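[1] A structural model of the following input is requested.
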Amino acid sequence: MSPMCMYSVTAKDGKPNNWHYTHYTSRAVGQTGLIITEASAVTPEGRISYQDMGIWSDEHIPGLQHLVQLVHEQGAHIGIQLAHAGRKAMLDEAPLAPSAIAFEGMKTPEALSKESITKLVQAFQQAARRARAAGMDVIEIHAAHGYLINEFLSPLSNTRTDEYGGNADNRYRFLGEVIDAVRKEWDGPLFCRISANEYTEGGTDMATFIHYAQRMKEQGVDLIDCSSGGVVPATINAYPGYQVPAADAIRKEAGIATGAVGLITTGTQAEEILSNGRADLVFIARALLRDPYWPRTAAAELAVPIAPPEQYLRGWK
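    Coordinates of the predicted model:
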């Protein structure tokens, strides 16, 4: 299950509540193998909204531990996406970004100082420690969709002239430091979600994304989750499987496992991607919102039996 914001935190404290426990556990009952929770902010100002989950405090650990326990009890694995919204934060405070360039229609952010960048790297490291303490099975670093790390990676949003901007390797520096910091606390599977197509002239090209993927592999990232878009407003021709070519190219050229996501809705479609070696893992998103038992639906389509929860045996076929 792909991470999807639920905007359902009610106390503005970043802690999961009964909605989250029900939502994620339902997909575990439905036989989803790995559930990635929604973007969880590593600092309070890193939320997209006040309704987002967070992992900026040790006070978040007990609620996340309970969520992990519920999902594990149903035989599924669970991961968490560590995130910072950057200039796309919709809070009362001024947003933060690599450069003081506003996303269209939003507040102009404050450009991060080197000291603030160091503190943010440390925030990702502490978030990884909390994820480990909560018992998570996977960590995914959110470097996509125009949020903070993506803003550093893209020349469309990063016009810095110091060691964090000016060329592709410098723009990668922040993500590289985050990966190294997370790896100090986390020895489990590490994913990174990227926006592998910015759909805008002057944005990061595929050759650079392949170079970035090679660097991530060297640093211990296990899988690149290949999404696209979001760094600037753009027209996207979103046809079924439209992001799969990026996963395919990065997998082959960088020699790293990739995940495919984006309008993948049927078992046949997912099976084609995997069987043809276009990706190593398929992330299902909105199809799992519509059908918490999508794995059963896909298995029936492919005529492959999967074991039901014992309680549902009488109605599974």
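
[2] just checking, residue 189 touches residue 140?
    No: Residue 189 is beyond contact range of residue 140, at 9.1 Å (criterion: Cβ atoms under 8 Å). For glycine as for every other residue, the C-beta is placed from the backbone atoms N, C-alpha and C.

[3] neighbour count for those two, which is higher?
    The neighbour count for residue 189 versus residue 140, taken as other Cβ atoms under 10 Å, is higher for residue 140 (27 against 17).

[4] excluding chain neighbours, give the residue nearest to that one in space.
    If you skip the residues right next to it in sequence, residue 140 has residue 191 as its closest partner in space, 4.0 Å away by Cβ to Cβ, 6 or more residues apart in numbering.

[5] my read is that that neighbour contacts residue 226, right?
    No: in terms of Cβ under 8 Å, residue 191 does not count as a neighbour of residue 226; the distance is 10.7 Å.

[6] any common contacting residues for those two?
    Contact criterion Cβ atoms under 8 Å, 6 or more residues apart in numbering; residues bridging residue 191 and residue 226 by contacting each: residue 259.

[7] neighbour count for these two, which is higher?
    In this view residue 191 and residue 226 are compared by other Cβ under 10 Å, and residue 226 has more residues nearby, 30 against 25.

[8] check contacts around that one.
    Residue 226 makes contacts with 193, 194, 196, 243, 246, 247, 250, 258, 259, 260, 261, 279, as judged by Cβ under 8 Å, 6+ apart.

[9] thinking again about what came up before, and for residue 189 and residue 140, which residues touch both?
    residue 79.

[10] got the contact list for stretch 234-248?
    196-200, 206, 209, 224, 226-229, 258-265, 269, 273, 278-279.

[11] let's see it at 6 Å
    By Cβ atoms under 6 Å, 6 or more residues apart in numbering, the surrounding residues in contact with stretch 234-248 are 196, 199-200, 226, 228-229, 258, 260, 262-263, 273, 278-279.

[12] how about stretch 33-49?
    1, 3-7, 24, 27, 52-56, 76-85, 90, 93, 123-124, 127, 140, 142.

[13] return the distance of it from the chain's centre.
    8 Å (Cα atoms, centre = their mean, to the nearest Å).

[14] and that stretch, which residues are buried?
    Of all the residues in stretch 33-49, those buried under the rule 16 or more other Cβ atoms under 10 Å are 34-48.

[15] adding distance to residue 215 and pLDDT, write the contacts of residue 226 out as JSON lines.
    Formatted as JSON lines, the contacts of residue 226 follow (distance: Cβ to Cβ, whole Å; pLDDT from 0 to 100):
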{"residue": "193", "distance to residue 215": "16", "pLDDT": "98"}
{"residue": "194", "distance to residue 215": "12", "pLDDT": "98"}
{"residue": "196", "distance to residue 215": "15", "pLDDT": "97"}
{"residue": "243", "distance to residue 215": "21", "pLDDT": "97"}
{"residue": "246", "distance to residue 215": "17", "pLDDT": "97"}
{"residue": "247", "distance to residue 215": "18", "pLDDT": "98"}
{"residue": "250", "distance to residue 215": "12", "pLDDT": "98"}
{"residue": "258", "distance to residue 215": "15", "pLDDT": "98"}
{"residue": "259", "distance to residue 215": "18", "pLDDT": "98"}
{"residue": "260", "distance to residue 215": "21", "pLDDT": "98"}
{"residue": "261", "distance to residue 215": "22", "pLDDT": "97"}
{"residue": "279", "distance to residue 215": "20", "pLDDT": "98"}
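
[16] pLDDT weak spots in the stretch 1-150 of the chain?
    Judged by pLDDT under 70, the stretch 1-150 of the chain has no weakly predicted residues.

[17] strands along that one, start to end?
    Counting by DSSP state E, counting those that start in this stretch, the stretch 1-150 of the chain has strands at residues 34-41, 77-83, 96-97, 110-111, 138-143.
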